[in-house]
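Provided below are the primary sequence and the corresponding predicted coordinates.
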Amino acid sequence: MVVVLVTGGTRSGKSAFAERYVERYAEEGVYIATAQSFDEEMERRIATHRSRRDTAGFVWKTVEEPIRLPECLEALDFEYNVYRSGHTLVLVDCLTLWLSNLLLQWEAEPDAEARCLARADELVAVLRRFQGTVVLVTNEVGFGIVPATPLGRLYRDAAGRMNQKVAAAADQVFLVASGIPIELKSREYRL
């Protein structure tokens, strides 16, 4: 099992780096897309990602899964290790969109954050059992301004907590800033 977390700000080059990272280690992989298109702007973003994958010369099997990410990873792990007898290489793009999808389902619930973080714990448990390689892209949303709405602050806090959980389980963590990836986990200061 190898888990790699790629984080950074919006338009920092996270996804492009994660795709290049995967392409260095295999000839094909599974791309789990968590984005949902609710408007034209998001459709354009999704199209940009699809186009980049289509022209990379790398074979991607794309799976669109906005909600059931842990279950999707479990199914892929089973499929590749039982039926295909091969190493699974998966790229998940992205965790913060997955979190947003969950939060929008439960935003009216008083325990929305707890439910989201419970799903993050389920994801981490699956990652620890996964027999292949998983590269996960996420956003570092806490670097920006404090959101003006309670839902925005809830999302920012839940994203930070989720990212910490996944980073703790990851073998490598990269921060991408201005298109430059820096590996963080090997430089972690330990108290």
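Done, it's in.

the helices in this protein, which residues?
Ranges of helices within the chain are 14-25, 40-54, 69-78, 95-106, 112-129, 150-169, based on DSSP state H.

Mean neighbour count, those: which tops it?
Comparing those by mean neighbour count (mean count of other C-beta atoms under 10 Å), helix 95-106 ranks first with a mean of 20. C-betas here are computed from N, CA, C, even on glycine.

name the helices or strands packed onto it?
The elements that helix 95-106 packs onto, with contact taken as 3 or more C-beta pairs under 8 Å, 6 or more residues apart in numbering; DSSP states H and E, are helix 112-129, helix 150-169.

now what about the first one, what contacts it?
Translated: helix 112-129. The contact list for helix 112-129 (C-beta atoms under 8 Å, 6 or more residues apart in numbering) reads 1, 3, 69-70, 73-74, 77, 99, 102-103, 106, 109, 134, 154, 157-158, 161-162, 165-166, 168-170.

Likewise for the longest one?
Judged by C-beta under 8 Å, 6+ apart, the contacts made with helix 150-169 from elsewhere in the structure are 3, 5, 7, 95-96, 99-100, 103, 107, 112-113, 116-117, 120-121, 123-124, 127-128, 136, 138-142, 146-147, 173, 185.

For residue 178, give me phi and psi.
Dihedral angles phi and psi of residue 178 (degrees, to the nearest 10) take the values phi 50, psi 40.

is it true that it touches residue 10?
No. Taking contacts as C-beta atoms under 8 Å, residue 178 lies outside contact range of residue 10: 11.9 Å.

Can I get the helices of the chain in JSON lines including distance to residue 63 and mean pLDDT?
Rendered in JSON lines, the data for the helices of the chain read as follows (distance: least, C-beta to C-beta, whole Å; pLDDT from 0 to 100):
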{"stretch": "helix 14-25", "distance to residue 63": "14", "mean pLDDT": "92"}
{"stretch": "helix 40-54", "distance to residue 63": "12", "mean pLDDT": "83"}
{"stretch": "helix 69-78", "distance to residue 63": "6", "mean pLDDT": "94"}
{"stretch": "helix 95-106", "distance to residue 63": "13", "mean pLDDT": "96"}
{"stretch": "helix 112-129", "distance to residue 63": "15", "mean pLDDT": "97"}
{"stretch": "helix 150-169", "distance to residue 63": "19", "mean pLDDT": "96"}
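
any chance of those helices in a markdown table, with distance to residue 87 too?
Supplementary listing: the helices of the chain in a markdown table, determined by distance: least, C-beta to C-beta, whole Å:
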| stretch | distance to residue 87 |
| --- | --- |
| helix 14-25 | 9 |
| helix 40-54 | 20 |
| helix 69-78 | 11 |
| helix 95-106 | 22 |
| helix 112-129 | 15 |
| helix 150-169 | 19 |
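
These: which one's closest to residue 88?
In this view, the helices of the chain are compared for proximity to residue 88 by C-beta to C-beta, and helix 69-78 is the closest at 5.8 Å.
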